[in-house]
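Colleague: Test case, fold it:
(chains A, B and C)
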Amino acid sequence: MTRPLLIKGGRVIDPASETDGISDLLVKDGLIAAISENIECDEAIVSNAEGLWVVPGFIDLRSHLREPGEEYKEDFSSGGKAAAAGGFTAVAVMARTTPINDDPSVTHYILERAREKSPVRILPIAAATRGLRGEVMTEMDALVRAGAVAVSDDNQMINNSGTMRRVLEYATLVGIPVVVHAEDRTLVGAGTVHEGSVSTRLGLTGSPAIAEASVIARDIMLASLTGAHVHVAHVSSSLGVDLIRNAKKNEIRITAEVTPHHLMLTDENCLEYDTNTKVLPPLRSFEDRAALREGISDGTLDVIVTDHAPHADQEKETDFKSAPPGMIGLETAFSVLTPLLDANIISPMDLFRRLSTEGARILSIPGGTLAVGASADLAVVAPQEKWRYESSNGNSKSRNSPWSGQILKGRVRKTMVSGKIVFDIDEGASCSAVNK
Amino acid sequence: MIGRNILSIDDLDRREVEKVLETAKRMQEVSFREVKKVPALRGRSVINLFFEPSTRTRTSFEIAGKRLSADVVNFSPASSSLSKSESILDTAKTLDAMDPDVVVVRHSVAGVPKQISKVLRAPVINAGDGAHEHPTQALLDLFTVWEEKAMLDRLIVVIVGDVLHSRVARSNIKAFLLMGAEVRIVAPPTMIPPSSEVLGVEAYTSLKKALEGADVVMALRIQNERLEGAFVPSIREYAATFGIDREKLRYAKPDAIVMHPGPVNRGVELAHDLADRRPGVVLDQVRNGVALRMALLYMVAGQPSGVN
Amino acid sequence: MNEKNSPKRLFKPSNAGPGAANNPSIEDETALETRVILDFQGVENALTRIAHEIVERNQDSETIYLVGVPNGGVPLARYLSVLIEKISGRPILVGILDTTLYRDDVSDRGSRATLRPTEMPSAVDERNVILIDDVVSTGRTVRAAMDALMDFGRPRSVQLAGLIDRGHRELPIKIDFVGKNIPTERHETVKLRSVDPSEEWPLEAIVFGRESAR
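Modeller: The predicted structure follows:
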């Protein structure tokens, strides 16, 4: 029997109950046993959280941990550790693996491997169509029974609108969200950066915002028609935000997500041709970024996800066109977002709502809360702590982050899953698997 | 300027461009001698790192280097789908270890010369990167116009054709604006870059309007992929609407000159006779290219931090 | 080559003025103590004598090819050609040969030396080339000029006329026609300048030592 843990004197922020105040928090038998001032517990190990924030563990709705198939880039162990170091207690993994997660056997395999290797919870998002070919829908009921929490064709849209309609309709049977990657490749063409003045200056082919917005528009209408829950992945444009805001006004079942890099960077960050700034969808203009920030503030964009996309050095150290898109982000998500708190663009309560609480709600899973009786999935963060991030020192196997070498403000000090500490900055990560 | 990277026209200010052009003038004289060689870069190495094949530009740099008595080495790694064995940066690091005095880089994707320059101690000259820039082409175009018109500012320069995909256009726009000229671009709407005003030019789709008062008409090369119905419906239609011939030149000034970076798709971008004869100056551009590249190699070769 | 641009300058030429070549880093002569070591009359007298010596030594004046080394040697070559024409009664060939691309003092700091014009209206083969320079010191410029000349062809002979020999040779170079021998300290600078700054001619020779501390 492990001893209880008493986290003393931290600012406990729980978006689920809208509470925010200095409090003690007691963790016992893997659950949150008590939250109040001046808890006494003689047998407990005491952890002083003065000056720190105690928040629900983050839930990432979009990550690519590359297992099975590309373990040289990442796997459940390294990815799980990176997640824990970033304050995440649950990570949803996308279907484009080798083999593709379009069959319950693969889902089982993923969960088994994750259980063995990952310190944080792994939630599979299975494929919406077989082989991710966009033609025939997958056995969603079987996939959900095997443990999938949603379906998605990962990094591509379902081109055939008729097929998309049927997929959405069927998904309502199983009651899971369908995550859509809105990208019309015929409009993107050879585009690698946002189409605008920066792409013209860079001499790189641009990818216009309508490549995303036109598909969001279609999928919103299909959601309306079918009553399905459509979750729009990594929104990057103001056009997209406007469409989603409007859809919500009309009470269509849409939820949406945005990444820290889209919230913090713009296409101007690409001016040095750093391939770590090459992402899909691309970093867009200042106006787009402003709209995304407004989106997380007014709730148009429900959650913040990392879209953690590890790639080997060799793969990224090439020309901008050939480099695969994506950056890692599990370990730095919270840290790079703190300037938004400083600039009062979002309150701490809302930030953690987007990083944790809403994610649980969208996937209909437990978590995202610090209620008494809930599983002790939480993080203790130091919001003012400055540190230099070197991606080569990170837990991920890959190093593709544009923030490497920069001073970041805000740091995760402890992460706990089911009451077990899976990351403690004072010890380095402790790493047994606790996937449940 | 020794050790300076020439990745973009932005890397030079107006005074420096003037110096380059004046030096090119001196180098031009060397090319008229019987022994077309001077020892200025003797014992120095120039590496041509051409990821994208290009006989013309590469040969121009090679002749330029050899006329300065430099050792010129051509290095053409197997094209852009780089073999998994060596990345671009690894190739650059390998070259850096050989202590070259200047590396000339061409690649089909924008940004590679810049990425490489971060790893090389030697100065890097961009010989063309994707649709981004081709600074030596723009400089030799400036030189050609200067020779013809004895001035650069207050000229009206019109660039015709696929500006969207053209590094020659982007560099020339910057170069001529820097020297005080007025620059216009004219192309079918599918070939005008997005937010083109950020380039500092006025965009036209009517050739007639664009050519009014033009001193210099610069026709761009149009690649076959664009002709096959994707950006323009056909060669025939492009030639009819945007191809430059004597008939269309009447809209420009009577002493306007016609330029083209080459190779010319005869009968498409330029009429046959304009490719060969005045007011077309295409061959002068080629000739000037060697003198210009000699000037640049002379001014830039060497690693300023010390002994080679 | 486009003749339109030979005489006209588009941009302000850098390093203009005679004698500037010998002393690339002169910034503020007026702050330094300057002495005239050969006044304009002395210059002209010396050149007159040199002209006669050249004619005497090169009986066949048809083969004489005066080649001035920029910047200082250029106006001297022109003046000499006028003098020799008077003496010999026939027009004399004059050329300009920049030696910058043949220098041996290559350093990788800052910028490469600016190139000056080269104009060689005739081939050098079978001609008696007389290199003309204003100040001869180490002899390196002359060495470079000879290398440059060899790339133009095979002269019958190469002779050297120097208005001022200030010594400090580093190479075995001898001057065939000397204007004046003026011993100087190594650190001093000798150059020709216009008596009237707005006129190219006449010229006088000056020397100035560099200040010890700046």
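
Colleague: got a list of what B:Thr136 touches?
Modeller: Applying C-beta atoms under 8 Å, 6 or more residues apart in numbering or on different chains to B:Thr136 gives the contacts B:6, B:57, B:125-127, B:289, B:292-293, B:296. For every residue, glycine as well, the C-beta is placed using N, CA and C.

Colleague: Sitting in helices, which of these do you find?
Modeller: B:57, B:289, B:292-293, B:296 (DSSP state H).

Colleague: For the stretch 251-400 of chain A, which segments are assigned as helices?
Modeller: Using DSSP state H, counting those that start in this stretch, the helices of the stretch 251-400 of chain A run over A:260-264, A:286-298, A:313-316, A:333-342, A:348-352, A:358-363.

Colleague: for the fourth one, which positions count as buried?
Modeller: Put plainly, it is helix A:333-342. A:333-338, A:340-341 (16 or more other C-beta atoms under 10 Å in any protein chain shown).

Colleague: just to revisit the earlier point, tell me which two of the ones in helices among the contacts of B:Thr136 sit farthest apart.
Modeller: B:Thr57 and B:Leu296 (12.6 Å; C-beta to C-beta).

Colleague: just to revisit the earlier point, and chain C, which of the helices of the stretch 251-400 of chain A is closest to it?
Modeller: Distance to chain C, taken as C-beta to the nearest C-beta, is lowest for helix A:313-316 among these, at 32.7 Å.

Colleague: is it true that A:Ala82 touches A:Asn395?
Modeller: Yes: assessed by C-beta atoms under 8 Å, A:Ala82 is found in contact with A:Asn395 at 4.1 Å.

Colleague: Between the two, which is the more surrounded one?
Modeller: A:Ala82 (30 against 23; other C-beta atoms under 10 Å in any protein chain shown).

Colleague: for the helix or strand in which the more buried one is found, packing partners?
Modeller: Here A:Ala82 sits within helix A:76-85, counting by DSSP states H and E. Under the contact criterion of 3 or more C-beta pairs under 8 Å, 6 or more residues apart in numbering or on different chains; DSSP states H and E, helix A:76-85 touches strand A:58-63, strand A:88-93, helix A:104-117, strand A:406-417, strand A:420-424.

Colleague: try it again with 6 Å
Modeller: helix A:104-117, strand A:420-424 (3 or more C-beta pairs under 6 Å, 6 or more residues apart in numbering or on different chains; DSSP states H and E).

Colleague: So what are the sheet partners of the last one and their directions?
Modeller: Spelled out, it's strand A:420-424. strand A:406-417 (antiparallel) (DSSP bridges).

Colleague: what angle separates the partner strand from helix A:76-85?
Modeller: 100 degrees (axes from the mean of the first three to the mean of the last three C-alpha atoms, to 10 degrees).

Colleague: Give me the contacts around strand A:406-417.
Modeller: Residues outside strand A:406-417 that contact it (C-beta atoms under 6 Å, 6 or more residues apart in numbering or on different chains): A:84, A:87, A:89, A:120, A:334-335, A:338, A:376-383, A:385-389, A:422-425, A:434.

Colleague: Can you tell me which of those residues are buried?
Modeller: Buried among those by 16+ other C-beta under 10 Å: A:84, A:87, A:89, A:120, A:334-335, A:338, A:376-383, A:385, A:389, A:422-425, A:434.

Colleague: now for the helices of the stretch 251-400 of chain A, which one comes closest to C:Val178?
Modeller: Of all the helices of the stretch 251-400 of chain A, helix A:313-316 sits nearest to C:Val178, with 68.1 Å by C-beta to C-beta.

Colleague: on contacts alone, who are the packing partners of the closest one?
Modeller: Against helix A:313-316 (3+ C-beta pairs under 6 Å, 6+ apart) you get no helix or strand.

Colleague: ok, and for it, which residues are buried?
Modeller: So for helix A:313-316, counting by 16+ other C-beta under 10 Å, buried means A:315-316.

Colleague: Let me see the mean pLDDT of it.
Modeller: Averaging pLDDT along helix A:313-316 yields 92.

Colleague: Same check on stretch A:255-263?
Modeller: 98.

Colleague: what about that stretch, start to end distance?
Modeller: Start and end residues of stretch A:255-263 are separated by 17 Å (C-alpha to C-alpha, to the nearest Å).
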